[in-house]
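# I would like to see how this sequence folds:
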Amino acid sequence: MKSTDPALRLTGEGLVLREWTDDDLPAMAELFDDPAIAYRTPLASPFDDAAARAYLAAARQARADGLRVQLAITTDGGPPLGEILLIRKAADDPAASLGYSVGAAHRGRRLAARALIVMTDYAHHTAGLPRVTLSIEAGNAASAAVAVAAGYHLTDEPPLDAVNKGRSLALQTWAHERS
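Below is the predicted model:
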């Protein structure tokens, strides 16, 4: 996850997860300018062309710093349908969390679960992380179903209190351990 790493491209589960490019900016605005994504994530809302440019610049910097891997979810390496992220608090942190979002027009195709399976495998077997987690808002049944489909389990850790756009959240921790 260093800036000298070549472009990352992961395949599996009928998907190609690839780095975002400048050509994806219009698609990013289309995918992420969605009330459901605005409600559940810290992404800017409205998510317009300017927000897409800022987001891509921040994603590239975070990748260079070893803090994030943000990949477009595609079926063939072409148009993005969503995003999957691996997030670390520090470049050498052995703990990481994953996140995902899928554009409204592409939901219902198991894209998030399949992308989560591929990224989880990368986290364990390439990045060498023994455990990865998801933070899912209590009551978010759709995201909990994605977690279960990808082999995650709800932990007994106390919920994390967070605030997103002025809304208080209780985030439950879901985990996946390397086998």
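
# Only the buried residues of the least confident helix or strand in the chain by mean pLDDT, if you could.
Ranking every helix and strand in the chain by mean pLDDT, DSSP states H and E puts helix 35-40 at the bottom, with a mean of 88. Buried residues in helix 35-40, defined by neighbour count with 16 or more other CB atoms under 10 Å: 37-38, 40. No exception for glycine: its C-beta is placed from N, CA and C like everyone else's.

# what about it, distance to the chain center?
14 Å (CA atoms, centre = their mean, to the nearest Å).

# Residues in contact with that helix: which ones?
31, 43, 45, 47, 101, 104, 137, 140, 143, 164-165, 167 (CB atoms under 8 Å, 6 or more residues apart in numbering).

# Pull the number of nearby residues for residue 25.
Here the number of neighbours of residue 25 (other CB atoms under 10 Å) works out to 17.

# Name the nearest residue to it, sequence neighbours excluded.
residue 52 (4.6 Å; CB to CB, 6 or more residues apart in numbering).

# contacting residues around that neighbour?
Here residue 52 is in contact with 25-26, 28-29, 32 (CB under 8 Å, 6+ apart).

# cool, residue 111 as well?
Neighbour list for residue 111: 15, 73, 81-82, 102 [criterion: CB under 8 Å, 6+ apart].

# low pLDDT regions in the chain?
1-6 (pLDDT under 70).

# can you give me the helices in it?
Under the criterion DSSP state H, the chain contains helices at 25-32, 35-40, 49-64, 111-125, 141-149.

# could you check the angle helix 111-125 makes with the top strand by length along the chain?
When secondary structure is assigned using DSSP state E, the longest strand within the chain turns out to be strand 167-177. Orientation of strand 167-177 against helix 111-125 (axes from the mean of the first three to the mean of the last three CA atoms, to 10 degrees) gives an angle of 50 degrees.

# buried ones in strand 167-177?
169, 171-174, 176.

# need the residues you listed in JSON lines with distance to residue 95, can you?
Compiled in JSON lines, the buried residues of strand 167-177 are given as follows (distance: CB to CB, whole Å):
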{"residue": "169", "distance to residue 95": "20"}
{"residue": "171", "distance to residue 95": "15"}
{"residue": "172", "distance to residue 95": "17"}
{"residue": "173", "distance to residue 95": "11"}
{"residue": "174", "distance to residue 95": "14"}
{"residue": "176", "distance to residue 95": "12"}
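
# So which of those is the closest to residue 125?
Ranked by distance to residue 125 (CB to CB), the buried residues of strand 167-177 are led by residue 176 at 12.1 Å.

# Alright, calling it a day.
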